[in-house]
Structures are given as structure tokens and as C-alpha cells.
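Can you look at this prediction? I've put the sequence above it.
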Amino acid sequence: MRHILTVTVENEPGVLSRVAGLFSGRGFNIESLNVGPTLDPGVSVMTITTEGDEQIIEQIVKQLRKLITVIKVVDLTDLKSVLREMVLLKVNANDANRAEILRTVDIFRCKVVDVSIDELTIEATGNYEKISAIVGLLTRFGVKEISRSGMVAMKRSIQN
Amino acid sequence: MELSGAQILLECLKREGVEVLFGFPGGAVIDIYNELPNSSLKHVLVRHEQGAIHAADGFARASGKVGCCLVTSGPGATNTVTGIATAYMDSIPVVILTGQVPTPLIGNDAFQEVDIVGITRPCTKHNYLVKDVRELAHVIRQAFYLARSGRPGPVLVDLPKDVMQVKTKFIWPEDVKMRSYNPNVKPHAGQIKKVAQLIRDAERPIIYAGGGVITSQGHEALTWLAQKLHIPVTATLMGLGCFPGNDKLWLGMLGMHGTYAANMAINNADLVLAVGARFDDRVTGKVSTFAPKATLVHIDIDPTSIQKNVSVHVPLVADCRLALEALKDELAPSLTEYDFEGGHLPWVSKVLAWAKEHPLTYHPSETTIKPQSVVEKLYELTNGDAVICTEVGQNQMWAAQFYRFKEPNCFLSSGGLGTMGYGFPAAIGAQFARPDKMVIDIAGDGSIQMNIQEMATSVCNNLGVKIVILNNGYLGMVRQWQELFYKKNYCETCMDAQPDFVKLAEAYGATGFRITDPADLERVLKQALDTPGTVIVDVRVEREENVYPMVPAGASLTDMLLV
């Protein structure tokens, strides 16, 4: 089962490789990993998407907490949370299919952020399922390049 | 007053209570060595950096304090990696100080540059690269705090040469505060009550103790619980010495080379109290058949140890000593209400019957020396009071089986990593920690050659370390596996070309003895132990003796090959 972990870490050199090394060294799987600063310049937040059974996830959470530079680990899986991912797609576009692509973009409330004679660059934001659906739909036009941000997530204020 | 980085470092080490620094100089650490004569620290010059880290580790295990070593950048640093991993696997508090090229050169592939922080990330509890001299005192303080607190472990501090040279105002940080590191040492009161009730209700309890009992100095509380409540005790390799080896409730080690009684007891127990142990594969054998009838209680300071290999019923995250003492306080009043002795009598009798049925034994011989008899003789001659270090392999297992340890911190062995070449440098470290004790390295002819260069260190420091080589001319444990599981294909395990260990001892200025006749064993061993200074005893033993009992890797604990 997929789990989304938010990991609050000390913002110092090597912290990313400590986390990444833990996953590779112990054979855990990272589906996506996103790191960014917080309002406190000394602290960063990572959002890690990983997969495993309950025992594996328990180990991952405990092992992350054991890292000296990790301040806090929250598994969002069983919590109500906002999950977002962003993707940039460069799609082949010709006179025959441009309208169809733009309709798809419209339906999913994506944005066209760059245009050329035979390409459209599309920005999409959403949860994992939405992004997968968009990518799936646009693939048939020919995706030249794709760049996904990985998940960012936040626990909702009201849990009940 | 302003001090240089090197001066601050040495002052910090002094304040952290470092007595002995094991080290080897080099270009990147000359500035530190330049200040060393002005410090009260004792420095021990080893002959190889692996010797320095193992000696620091041995010092830590024998003293219960933090061991410390100092090496140069590049190869000096990489030579410590095996020793760091050894300490990491066995949770030994060591601080490793490595030199580094000057900060402006880092990343340029400078001479003797290596990313030692990157290399040791997965085998240290934590590590640091000090880029600013103003951080130095804080980092050293944190390094020692991390090494000794919680689940102890090695901490490496990488020290660029320019950081050692520049001066700054020295401020000793009185407190260590780390928002991201707060090990939970206090046992949860509710869980203690729960465990206490399980103990009251158990008919067939057993204590399975590991290195955590020794690290936390929980042996007294553990001994109280076992003796007052009449609970048999078994231990892992790392746990040896946490319970008196001559007590009738002592079953010996469990696991792959554990005793028949210990493995049978685990298999039949209704309550297993795992204390400071981590259900290693060498202990559990086939996990699915480990302690099948028991409620498992797991006490450990490291939450990651719990539910890692085995699913336990009652986890208790705490310092082992505090947890055992809390159990003692909880159960002491029950001594009047419950008849633990009577209640456990059928169980204890059964366990003792197993011990009688298949004790640790071997077939004695009048023509060849049995390696087990050498360990037995050492036990008798030292009255069980020596600090025993081992290398890895058959020598290690025979030492663990036949020397009955009385107290903690007296059995030094590379348990988790299984590092050949560990024992002798560790013995050097142990002798510095315990100058009052006889320190013996029980070695094999293979493993002793992995760090034999430390003979020079031992001799020039007038150390009385005794090396007893159980010389069978084989890499014995691998040969045993080849015999039992690989159709006797003794590929590359025969050590044909050997040095003359007696002459080798003499070449280093030590004393050498050789024993080939069982009739001479006691006399010459005694003579060797009575000889001052470093001594090598080359004991020619039965070449193809095997370590028994043996549970083949991956088999259930009850599937033991017996003598």
C-alpha cells in the first residue's frame, strides 16, 4: 500500500543523502521524494511517497525517526490530508489534434504555459490519480518530455 | 583567550573524559599532533588505523566509557571503516576523529582526500564535517553525547586541516541540546505492570538477554529477577557476562552455536523476556519457528529493533537497566504472595534435565589437543577473571561456549559484523581500560594474521596481552561449513603457509610458546600466563574439530547437530 510521509528535517548538508541512503541501504522503496524549505531557515520538509506492507512502513517510520537530523515524521496515509503534485508535459501538437489537446487541458483545468508550432507545454496540478489520468490521456498525442514534482502534502486542519 | 582548532579539540577531549587516544598521524592531522605534547592525553601509536579503531572499541567495551581514535585523511580514514562498522553493529560508543584536506580543497580530489562522511554515513550513528572552527566545541560535545546515550554507537568527526589551524575564542558548551534527538529511556509504567503480570502468570518463563543489558549495566537487576523469580537465563554472544556463568539457572548461549538446553527452553517456553537483544538471524534460526509457544516481551531502547525481525506481543522501549529495575520494584512485593520457586520448579527441572542430557562437550583426546580444552584450561587458570577477547570463527564460538563469564564487560567479540582481526587490537584497548586485569585474545591462526602488526603496539607499551592461538591450520569455521554443507570441498580454507608464531613473537620482542602435546597444555599455558609482557601461545589443536551444537543456517533452533 502507498504511504505518504512528511518528514521534518534539519536543513543541513547531507540530510537528503542520509534519508535517501537509508531507503537504498535497507531496501525500502521511494516512489517520489520532494524537499523544500519552510519559514524556519533551519528546517526543511520532505514529502516521501513509499510503498510496503504495515511492518515495512513501521520500520521506515522508525528508521527515519532514528536519523539524528530528522525532527519529526508523520504518516499521512490514515489522516485527512491535501495531496498535490505538479507535472509539466511537452506534448506534440499539430493542426489536427491541437483542439482536442486543449479540450483535455480545459476539462482538467490545466494550463498551457508554453506554445510552439508543433508543441504545447502543459502544467497540471492535482492529486496522484488526477495527474495519472492527465498523463494517460495526453500520452496518445505523443509526450516529448515530462517532469513531475513528486507529491507535496499537508494534514487537513479538521480531521473529523 | 583564543585557541587554535587543534587546541580546542584536545581541550574538549579532556573535558569529555578521554584518557587514551589511539591514533596514527598523517599530513592532515599534523596540527593536532603538534599540540598533543601540550595535552595530558595519553596517545597510543598503533601500526594500522584498523588497529586504532578496534583498540578504541575494546577500550569502550571493557570500560563502559567512550573510546576515541584519531587518524589522518584519505587512507587513514578509510582504514577505520571496518572497525566503525564493527562498533556500529554491536552498538559500541566510539568517537572517530579523522583528518580532512583543507576546506578550500574539499571536492577537488586533493591528495589524500576522501569523502569519509559520505562513506561512513550508513555505519555510524551520526557523523559530522566541521567547516567552521566556531562549531568545533559544539560538535565534539554532541559527538560524545550521541556516542554514549540512547543506543550507543560510533560517531565520526571529520576535521579539515585549516579548521585545526585557525584560532577562535574557546567556549565550552555546558549543555547539549538537540531538538531532533531525545531517546526514550524511561519505561512506560503501564507496560511494566503488564510485563510483571505476564511474569507472575508464566509457568515456563525464560530470559533472553543481549548486549543491551551490558551496555545499560542492567546485569544486577537482571540477576535479581532471575534468581528471585527462578527464571532460567540464556544470552546472545553480546550478552555473555550479564548473568553469572556458574549459576544453576544459566543455560549458556542460544542460537546457532547455543546450548541444547537454551534452544530447547526457548522452543518450549510460555514467556520469553527478550532484553537488549535484537532477534538476530544467528539467534533465532528460522524465524517462523522461534519460540512458538511463548508470549514475547521485547525490551529495547531502540524502537527500530522492535518488530524488525520478529513480531512481539509486548514491546517496551526503554533503557534496559531502568526497565529491569522497574520490573524488580514491581515484582518485589509479589515474592511473598507468589511461590515462584515452587511454581517454576517443574520447568526449571525440565530445563536442567536438558542441560544434563546434552551439555556442552567434546570428545577428549590424549594424542591431540582439543581446542575446547584450551579454553577450559584458560578458564581454570584465570579463575574466570580474565577479560577475554576473540577473533571470529571457531575460536570465538569455543571461547563463548567454554569460558564461563562471571561479570559484564569481560567478553569482547565482534558479534554483529563478525570482524576477523578484531580481537587482538581490542585486547590492547581493553588492557589500557583494565590494567588490573589479565587480558587474553583467544585467536585462530587465520584471524590473528589480520592485525598481527599490532604486536609492535602491544610490546612497546609493555602490555601484558596474551594471545592464545587455537592453531588448526584452517580457516576453521568456513572449513566446518564446507565439511557439513559443501561436500568437504575445502577450497582455499587451508592455511598451508604460516609464520612461525613463536619466532614472530620473538621478532617483535615478545615471548612465544608452542604447545603440541595435550600433556603439556596446562603447564605451558600457566607458564605463558605468568610470563610478563606480550605473549603468543601457538597451540596446535585438532585440525578438523567442529563447533557443536550447530543449527544450520535457516533451520529451526531445535534442529541441532550435536556432538
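Done, it's in. Numbers count the residues shown, from 1 in each chain, chains lettered A, B, ... in the order given.

Now do the contacts for whatever residue of the stretch 1-150 of chain B ends up closest to chain A.
Of all residues in the stretch 1-150 of chain B, B:H126 sits closest to chain A, at 4.2 Å by C-beta to the nearest C-beta. Glycine gets a C-beta too; all of them are placed from N, C-alpha and C. Taking C-beta atoms under 8 Å, 6 or more residues apart in numbering or on different chains, we find B:H126 in contact with A:68-69, B:143, B:146, B:155.

how's chain A carved up into domains?
A:2-75, A:81-155 (automatic domain parsing).

Looking at those, which is nearest to B:M253?
domain A:2-75 (27.2 Å; C-beta to C-beta).

residue of the stretch 451-563 of chain B with the smallest distance to chain A?
For the stretch 451-563 of chain B, C-beta to the nearest C-beta, closest residue to chain A: B:G554, 18.8 Å.

What about that residue, how many residues nearby?
10 (other C-beta atoms under 10 Å in any protein chain shown).

and what of the one 5 residues further on?
Other residues within reach of B:D559, judged by other C-beta under 10 Å, total 15.

before we move on, what about B:G464?
So B:G464, with other C-beta under 10 Å, has 17 neighbours.

Can you tell me who A:L89 pairs with across the strands?
Note on A:L89: beta-bridge partners A:I122, A:I146, judged by DSSP bridges.

coming back round to it: for the residue of the stretch 1-150 of chain B closest to chain A, which non-adjacent residue is spatially closest?
Once flanking residues are discounted, B:H126 sits nearest to A:I68: 4.2 Å by C-beta to C-beta, 6 or more residues apart in numbering or on different chains.

what helix or strand is B:G421 on?
Counting by DSSP states H and E, no helix or strand carries B:G421.

Next one: it, what pLDDT does it get?
For B:G421, the model assigns a pLDDT of 98.

okay but it is in contact with B:G444, surely?
No - applying C-beta atoms under 8 Å, one finds B:G421 not in contact with B:G444, separated by 10.5 Å.

Comparing these two, which residue is more hemmed in?
B:G444 (30 against 26).

coming back round to it: anything in contact with each of B:G421 and B:G444?
B:E391.

tell me, how many neighbours does the closest residue to B:T304 other than its chain neighbours end up with?
Distances taken as C-beta to C-beta, 6+ apart put A:K62 closest to B:T304, at 4.4 Å, once the chain neighbours are dropped. Neighbour count for A:K62, taken as other C-beta under 10 Å: 18.

rewinding a little: if I pick the residue of the stretch 451-563 of chain B closest to chain A, what's in contact with it?
Counting by C-beta under 8 Å, 6+ apart, B:G554 has contacts B:285-286.

Does the residue nearest to B:T304 lie in a helix or a strand, and which?
Assigned by DSSP H and E, A:K62 falls in helix A:54-66.

And that helix, what does it pack against?
strand A:2-10, helix A:15-25, strand A:70-75 (3 or more C-beta pairs under 8 Å, 6 or more residues apart in numbering or on different chains; DSSP states H and E).

Of all those, which one is nearest B:V46?
By C-beta to C-beta (comparing all of these), the closest turns out to be helix A:15-25, at 29.3 Å.

Dump that closest one to CSV, restricted to CA.
Provided in CSV are the C-alpha atoms of helix A:15-25 (Å, rounded to 0.1, in the frame of the first residue of the first chain):
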residue,chain,number,x,y,z
VAL,A,15,20.5,15.3,5.2
LEU,A,16,19.0,14.3,1.9
SER,A,17,21.6,11.7,1.4
ARG,A,18,21.0,10.3,4.9
VAL,A,19,17.4,9.9,4.1
ALA,A,20,18.0,8.5,0.6
GLY,A,21,20.8,6.3,1.8
LEU,A,22,18.5,4.8,4.5
PHE,A,23,16.0,3.8,1.9
SER,A,24,18.5,2.3,-0.5
GLY,A,25,20.6,0.6,2.2
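
ok, residues contacting it?
Contacts of helix A:15-25 (C-beta under 8 Å, 6+ apart): A:7, A:9, A:28-30, A:33, A:35, A:44, A:46, A:48, A:50, A:60, A:63-64, A:67, A:69-70, B:118, B:121-122.

among the helices and strands packed on helix A:54-66, which is the most enclosed?
strand A:2-10 (a mean of 19; mean count of other C-beta atoms under 10 Å in any protein chain shown).

now the angle between helix A:15-25 and that one, please.
Counting by axes from the mean of the first three to the mean of the last three C-alpha atoms, to 10 degrees, strand A:2-10 lies at 140 degrees to helix A:15-25.

roughly how far is the strand or helix carrying B:K193 from the heart of the chain?
If you go by DSSP H and E, B:K193 is part of helix B:189-201. Counting by C-alpha atoms, centre = their mean, to the nearest Å, helix B:189-201 is centred 31 Å from the centre of its parent chain.

Tell me the spacing between the residue of the stretch 1-150 of chain B closest to chain A and B:L156.
8 Å (C-beta to C-beta, to the nearest Å).

Count residues in the vicinity of residue 129, would you?
Here I'm looking at chain A. As a burial measure, A:E129 scores 9 neighbours (other C-beta under 10 Å).

Sorry, I should have been clearer: chain B.
Going by other C-beta under 10 Å, the residues that sit close to B:L129 add up to 22.

Distance-wise, check the closest residue to chain A within the stretch 201-350 of chain B relative to B:S91.
Chain A sits closest to B:T304 of the stretch 201-350 of chain B, with a gap of 4.4 Å, by C-beta to the nearest C-beta. As judged by C-beta to C-beta, B:T304 and B:S91 stand 12 Å apart.
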